[in-house]
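Undergrad: Give me the fold of what follows.
(chains A, B, C and D)
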There are 4 protein chains.
Amino acid sequence: MVNISVIGATGYAGAELMRILSGHKKVNITHAVSKTFAGKALSDIYPNFMFRDYTLEEMDIGAICHDSDIVLTCLPHGTSSEVVPALLTGGVRVIDLSGDFRYSNANVYELWYKMAHKAKHLLGESVYGMPELYRTRIRNARLIGNPGCYTTCAILALYPLLVQGIIETGGIIIDAKSGTSGAGRKADTGYSFCETDGNVKAYGIATHRHTSEIEQELSLAAKESIALSFTPHLLPIKRGIISTIYVTPKEGIDEGAVFAAYGMFCDEPFVKVYENSLPEIKHVAGSNNCAIGFALDKRVNRLVIVSCIDNLIKGAAGQAVQNMNLMCGFDEREGLCDIGWYI
Amino acid sequence: MVNISVIGATGYAGAELMRILSGHKKVNITHAVSKTFAGKALSDIYPNFMFRDYTLEEMDIGAICHDSDIVLTCLPHGTSSEVVPALLTGGVRVIDLSGDFRYSNANVYELWYKMAHKAKHLLGESVYGMPELYRTRIRNARLIGNPGCYTTCAILALYPLLVQGIIETGGIIIDAKSGTSGAGRKADTGYSFCETDGNVKAYGIATHRHTSEIEQELSLAAKESIALSFTPHLLPIKRGIISTIYVTPKEGIDEGAVFAAYGMFCDEPFVKVYENSLPEIKHVAGSNNCAIGFALDKRVNRLVIVSCIDNLIKGAAGQAVQNMNLMCGFDEREGLCDIGWYI
Amino acid sequence: MVNISVIGATGYAGAELMRILSGHKKVNITHAVSKTFAGKALSDIYPNFMFRDYTLEEMDIGAICHDSDIVLTCLPHGTSSEVVPALLTGGVRVIDLSGDFRYSNANVYELWYKMAHKAKHLLGESVYGMPELYRTRIRNARLIGNPGCYTTCAILALYPLLVQGIIETGGIIIDAKSGTSGAGRKADTGYSFCETDGNVKAYGIATHRHTSEIEQELSLAAKESIALSFTPHLLPIKRGIISTIYVTPKEGIDEGAVFAAYGMFCDEPFVKVYENSLPEIKHVAGSNNCAIGFALDKRVNRLVIVSCIDNLIKGAAGQAVQNMNLMCGFDEREGLCDIGWYI
Amino acid sequence: MVNISVIGATGYAGAELMRILSGHKKVNITHAVSKTFAGKALSDIYPNFMFRDYTLEEMDIGAICHDSDIVLTCLPHGTSSEVVPALLTGGVRVIDLSGDFRYSNANVYELWYKMAHKAKHLLGESVYGMPELYRTRIRNARLIGNPGCYTTCAILALYPLLVQGIIETGGIIIDAKSGTSGAGRKADTGYSFCETDGNVKAYGIATHRHTSEIEQELSLAAKESIALSFTPHLLPIKRGIISTIYVTPKEGIDEGAVFAAYGMFCDEPFVKVYENSLPEIKHVAGSNNCAIGFALDKRVNRLVIVSCIDNLIKGAAGQAVQNMNLMCGFDEREGLCDIGWYI
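TA: Have a look, this model is predicted:
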């Protein structure tokens, strides 16, 4: 049993983390921190915890460090980098779900997040928490920058193709569509049912922060600097991301070569590459899975890749638990679901 | 052409009113007032008005009265009764969409709305704006209390049966379900897509204000005081109300007698009673129609009535325009749609 | 480990059963039978099983009986009663999810299902599979009639009140609303997205079969024959039932007495009674939980009870696994989720 | 008044056409043909027609030609080309909503539709019914090939840019997302509510027929042969298409130049180009409008265009009525709505 604390337990990622950890056989939740709801029961905010309740607390770094092996921080970016250094000093390991510790280069962060980074000294140490890419480093990491939702979906789809060098590095386009839980739990007319149901919209064209995170990892894959187009859309669904990705295959690349490139994921517990069909959001929603498929449009020499995840699970809380399992030496799948709900 | 002003043009009922009035051939919209968005274009808030735009203004009672024949007020209850007296004094006729002028007895209002009524002297004059019940009085009214959404749906279903005396007056139960636009345009986590989609909840049991409005009209129908059970529910849809109503038929009442009682609506332009089937929300959404059907459960001596409307149209803006048409001597159907969207 | 077979693995209840059993630590699935899809992989129909696949088979009673301790049958009513006798003869225990073995009186079945019962001789032996009512008998049963979805939701809400005798037995009204998965997996325009989204309809008034099943159990609770009103509605959601139930409290019954009556469920692992709030579908969807709340409308002497379940889990597959756990001597909660998804 | 007949009145496009024509002041509907439902009332299938009913008839070409000025055919492709020649011979003008008369080159049709064309001799005469491109020819046309839904959305977004020559003709990518009404009214598990809600999927990559229709018109705009990537997706909404389009701007092209190119639409009654924001489906759903916006991503030299329509209106029935208005010399906007529903 490891002792785990969650800071920011009542946002959607935090609540999903509480849900997953509550069913994890090897975890003891010692502190569930919520600035807004301290003193209340978690079930006051989320009545689905009717049988597994927790008392929400104010943040007390000393107590948290004393009582925890690993702390998962679900705080806004900019706030995480204020809190995490104290946690590390207090002797705990940290998995941070914000964007603050995902970057190796603080300048990139500052350019896209439009704020100064408050803990640059930790960026050299923090590990990008994508097990499919950095499993070994994650096991021993003291600080994990848990990946973003859009980024997880896109990087898993593109990394193998760039590592194998079978696609052009220029002109990559990621047309991504996400459920509204990705926007978090907030009182905002723009995310109300009436404004969202029956609607789809694009937003943040050319400016969405996840662009830079995707580019960082894909540049490492390609061993050259990649700049790409990323367009997020808001869908009238609660959970799930589907990314439709357009790339140019190099000469002579056929379907077999593409599928072979994805072979690097063949033993992954949570990544499935379809050989002859396309994934849909309902194939993965509710699970920690990422499903990837593709079609080659020879007429216009375009490879179209479709990648799906549950944004709250593989795109946030589930991947965090996967990282936690690695850090604790547990079976990577412990407490995580690999069968989506479908309905 | 009549000159019309709308006060409160950017709530959902107000915007729906603007939409309907924009297509009305005999109406000129002279002022569109929005406290929150004064100075902006209506299309800044509601881009669907891209081809029929209006400049939103601060409320200027003098200018409004000068430029309008009829003013439609879409203000919160308690605010309407502050504004309407000045409008009447200014010489215009008023259709008020709040609850403030729906009651003949201020005590009932004050009991259910839990606030003092600010314009009690007008309650004797104001006409309850349900054309099917008060068409003649509406034509000449100076002040209309436009009915509530749940109330319209329930009253139309029950009024004929009580007038004809074919059901018991005790034990009436109205189980009503509404789309979320009924809650208005607001930034509230409880109405966010993530909290609303896939969910249904009951609320306001035994305390919802519309109970008293329904009881007022049905008591008039029955010529005795009626107290009933009303339970509203929030549905994961944008528009529409379906009410399932349980009553006890008097001895000897069969389906034919029930259908015959509804005969009082046979010439109504916007009320349809089904003889052998049940209405659904999609039959009426997008239209000013109310569709009513019923089934007699002889085994337990229960008459079950199902009634459907579009809450924003027949339940608010459409009924207001129907009243306006009557007040102006226009064809009652002018500018109103009697075919639902279905899809 | 027990060996389990599922007959009818590709309907929605069957697929949900496969999903739950796949995560059950003490179960080995030996046969997954699908008449329609025999020879295919389960993941061909339900790609969410991408990491836990099964080969669908034709029904071979001999092999199934040889290889199974318990067989779960998810067949249409009328078909189950053709298959189950052979399974019992073959020496296995059976949990049947159809309506065929839920009745003690074949006449009631034949009246409501409008067909002759094909295995009347088993009705004396079969146990109604609601653990909260029949836990002891379930443990040793050879044949379980697993309850219906609407019926589970309604019976759990009403049984304690009738056992305690605190409400009138006459005039009970159940206004129930269900997600569309309750209609099963079928190619039918009436359940298409375009016809269902944005819509709610009532159906089967006075004729729905679950009426008789609810009456059977509540009559046992009340020790007198109960006839009640039951109206199902189709909701534009995938999962979940909310039932709003209207009853007449006996004289002197207050909220405390109602809550006290529900005390019989205080140790139940999957039933939660709220003291001061109302349950919503999102509180239970995804879990095996039933959540119950109530409000007393003293003005009209009416007790309104709200009860919610996930129709595919507590209303079908989850309750079947709960029964299976009891039959196997496992912890009743094994493999079952008691935290809903909320989002 | 013109006499209009509709053949195929009970598919979704046909029913939408009936809905629009029912409110058209200058139209008399003489025949509403439905093979499947002949003899029934339209309101038996679509109860929203409760106040504007029509008797559905078998197809009688002689009677239709005798009684109609214009016939609108909403038949499957391949069937239209069997029926239309007889209608023209019978002396009526025809607006065909299938793909059969949209192509100038039968070979292209046969390649993408994978069937022989049955009325090639009419392809020289038929006019592609997009008023923004072919208004003059439409006025006098005897046969209109009414455009597809995806194609209308994409062509309006790209035509002006290609005519002005401000973007590269190679590498165009159209990532399109459509509501499920685009699939028509059919009993198909794949379009059921349970399989569609909460889900998004891509389909028909590299093979969707609308690709060829888009290419035909854009090649005419560019005066060179264009081949492009088109990926359709199925959305969990009823109505509406949003297309996100990626093109490469030529050197020196800035936002001003893009907006100026769209100036060719500045007097269009149903096309709106946003200068500083992006359109959403809810801006246009329910109207005949097409709304277009764009963003220039200078970092990667990519112009991203977003285009939205209501697939059943501007993408089918509304555009057909717009064409009919032109053919009859009516105001092009007659009977058509230019304010979306928004909610």
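
Undergrad: contact partners of whichever strand or helix holds A:Leu88?
TA: Using DSSP states H and E, A:Leu88 sits within helix A:80-89. For helix A:80-89, the external contacting residues (Cβ atoms under 8 Å, 6 or more residues apart in numbering or on different chains) are A:7, A:59, A:61, A:64-65, A:71, A:73, A:75, A:94, A:96-98, A:100-101, A:117-119, A:122, A:142-143. All C-beta spots, glycine's among them, are computed from the backbone N, C-alpha and C.

Undergrad: Which ones among those map onto helices?
TA: Using DSSP state H, the subset of these located in helices is A:Ile61, A:Ile64, A:Cys65.

Undergrad: which residues sit in contact with the second one?
TA: Taking Cβ under 8 Å, 6+ apart, we find A:Ile64 in contact with A:Ser5, A:Ile7, A:Thr30, A:His31, A:Val33, A:Val71, A:Leu87, A:Gly90, A:Val92.

Undergrad: again, 10 Å this time
TA: A:3, A:5-7, A:30-31, A:33, A:57, A:71, A:83, A:86-87, A:90, A:92 (Cβ atoms under 10 Å, 6 or more residues apart in numbering or on different chains).

Undergrad: Equivalent analysis for the last one, please.
TA: Neighbouring residues of A:Cys65 by Cβ under 10 Å, 6+ apart: A:Ser5, A:His31, A:Val71, A:Ala86, A:Leu87, A:Leu88, A:Thr89, A:Gly90, A:Gly91, A:Val92.

Undergrad: go again using 8 Å as the cut-off
TA: Contacts of A:Cys65 by Cβ under 8 Å, 6+ apart are A:Val71, A:Leu87, A:Gly90, A:Gly91, A:Val92.

Undergrad: And the nearest residue to A:Glu332 once chain neighbours are set aside, its phi and psi?
TA: Once flanking residues are discounted, A:Glu332 sits nearest to A:Asn325: 5.0 Å by Cβ to Cβ, 6 or more residues apart in numbering or on different chains. Main-chain dihedrals, A:Asn325, degrees, to the nearest 10: phi -60, psi -40.

Undergrad: Could you count how many residues lie near A:Asn325?
TA: Neighbours of A:Asn325 under the rule other Cβ atoms under 10 Å in any protein chain shown: 23.

Undergrad: you'd agree it is up against A:Arg333?
TA: Yes: here A:Asn325 reaches A:Arg333: they are 7.4 Å apart, a contact under Cβ atoms under 8 Å.

Undergrad: Can you tell me which of the contacts of A:Ile64 comes closest to C:Gly190?
TA: A:Val6 (44.6 Å; Cβ to Cβ).

Undergrad: Report the beta-bridge partners for the closest one.
TA: A:Ala32, A:Leu72 (DSSP bridges).

Undergrad: Average pLDDT for the longest helix belonging to chain A, rounded please.
TA: Ranked by number of residues, the top helix in chain A under DSSP H is helix A:149-163. When pLDDT is averaged along helix A:149-163, the result is 98.

Undergrad: Now for A:Ala116, how many residues are close by?
TA: By other Cβ under 10 Å, neighbour count at A:Ala116 equals 11.

Undergrad: who touches it in this structure?
TA: Contacts of A:Ala116 by Cβ under 8 Å, 6+ apart are A:Glu110.

Undergrad: Would you check how far apart it and chain D are?
TA: 22 Å (Cβ to the nearest Cβ, to the nearest Å).

Undergrad: Next: A:Leu296.
TA: Taking Cβ to the nearest Cβ as the measure, A:Leu296 falls 8 Å from chain D.

Undergrad: Helix A:149-163 and the host helix or strand of that residue, what's the angle between them?
TA: Per DSSP H and E, A:Leu296 falls inside strand A:290-297. In terms of direction (axes from the mean of the first three to the mean of the last three Cα atoms, to 10 degrees), strand A:290-297 departs from helix A:149-163 by 50 degrees.

Undergrad: what's the following helix or strand after strand A:290-297?
TA: strand A:302-309.

Undergrad: I figured A:Gly14 hits A:Cys74, correct?
TA: Yes: counting by Cβ under 8 Å, A:Cys74 is a contact partner of A:Gly14 at 3.9 Å.

Undergrad: Overlap in contacts, the two.
TA: A:Val6, A:Gly8.

Undergrad: For the residue in the stretch 1-150 of chain A positioned nearest to chain B, grab the count of nearby residues.
TA: Closest to chain B within the stretch 1-150 of chain A is A:Tyr12: 7.0 Å, counting by Cβ to the nearest Cβ. Using other Cβ under 10 Å, A:Tyr12 has 25 neighbouring residues.

Undergrad: who touches it in this structure?
TA: So A:Tyr12 contacts A:Ser181, A:Gly184, A:Arg185, A:Leu312, B:Cys194, C:Ile343 (Cβ under 8 Å, 6+ apart).

Undergrad: and whichever strand or helix holds the fifth one, what does it pack onto?
TA: This points to B:Cys194. Assessed by DSSP H and E, B:Cys194 sits inside helix B:193-196. With contacts taken as 3 or more Cβ pairs under 8 Å, 6 or more residues apart in numbering or on different chains; DSSP states H and E, helix B:193-196 sits against helix A:193-196.
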